[in-house]
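**Student:** just a sequence and a predicted model for now, questions to come.
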Amino acid sequence: MTEKMTEGRIRLGQEILRRRKAMGMTQEELASRMGVSRQSVAKWETGQSSPDIDRLSLLRDVLQTSLDELIVPAGRDPIPAPAPPAEDSVRPAQAGPVRTFRLLPLILGTLLFCCGLGGLAALWIFSRLHPVRLADWDGSLHTGLEGYLMATGLWPVLLLACILLGCGSLTLLYLWGTRRKDA
């Protein structure tokens, strides 16, 4: 990298020297117009140092040229054309795990929601297929889903189905909210 910097300074120095002589200026005249010493101009021209970025714009004006012509070697484009992407690019290979990781919460939320909803639906269907009429000690009659759950003792299954449905719903709502913020 140091070699490239040195080559760049030498090239810049040669361009300053060439343009100064083409305009018929001495080092002293260029130095006075630039507000620097003659020794600074001599160091620029020999590649021992280079002008500050602020001085480059003044140098451009004094030498009546563009910064590209001063800095970029002759025969090279100031801005290189971007290289076409290779077919076996690294990006698609790296994008796979990232995309999978972003889809994981969506898949998990959907799975939780569907399991909870399926559990509730299964309990309701079983209560319809196997109707129960359960009388309580105070004479109240329990039928339908409530009677089925009391008769079979499946209250924990109902609780689990509700928890799964709630967790899935919250996950999907959270993902929907973050997706709307990103858009």
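**Tutor:** That came through fine.
**Student:** for the rest of this, base every contact and every neighbour count on C-alpha atoms.
**Tutor:** Will do.
**Student:** quick one, longest helix in the protein?
**Tutor:** helix 90-129 (DSSP state H).
**Student:** any weak-confidence spans in the protein?
**Tutor:** 1-5, 73-100, 182-183 (pLDDT under 70).
**Student:** domain-wise, how is it divided?
**Tutor:** What the record gives for the chain is the domain set 1-71, 99-182, from the TED database.
**Student:** export those as JSON lines, with columns for mean neighbour count.
**Tutor:** Formatted as JSON lines, the domains of the chain follow (neighbours: other Cα atoms under 10 Å):
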{"stretch": "domain 1-71", "mean neighbour count": "15"}
{"stretch": "domain 99-182", "mean neighbour count": "15"}
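**Student:** chain center to the one helix or strand residue 176 maps to: distance?
**Tutor:** Residue 176 is part of helix 155-182 when elements are defined by DSSP states H and E. Here helix 155-182 is found 28 Å from its chain centre; the criterion is Cα atoms, centre = their mean, to the nearest Å.
**Student:** ditto for stretch 108-116
**Tutor:** Counting by Cα atoms, centre = their mean, stretch 108-116 comes out at 29 Å from the chain centroid.
**Student:** kindly report the same for stretch 113-124.
**Tutor:** Using Cα atoms, centre = their mean, the offset of stretch 113-124 from its chain centre is 39 Å.
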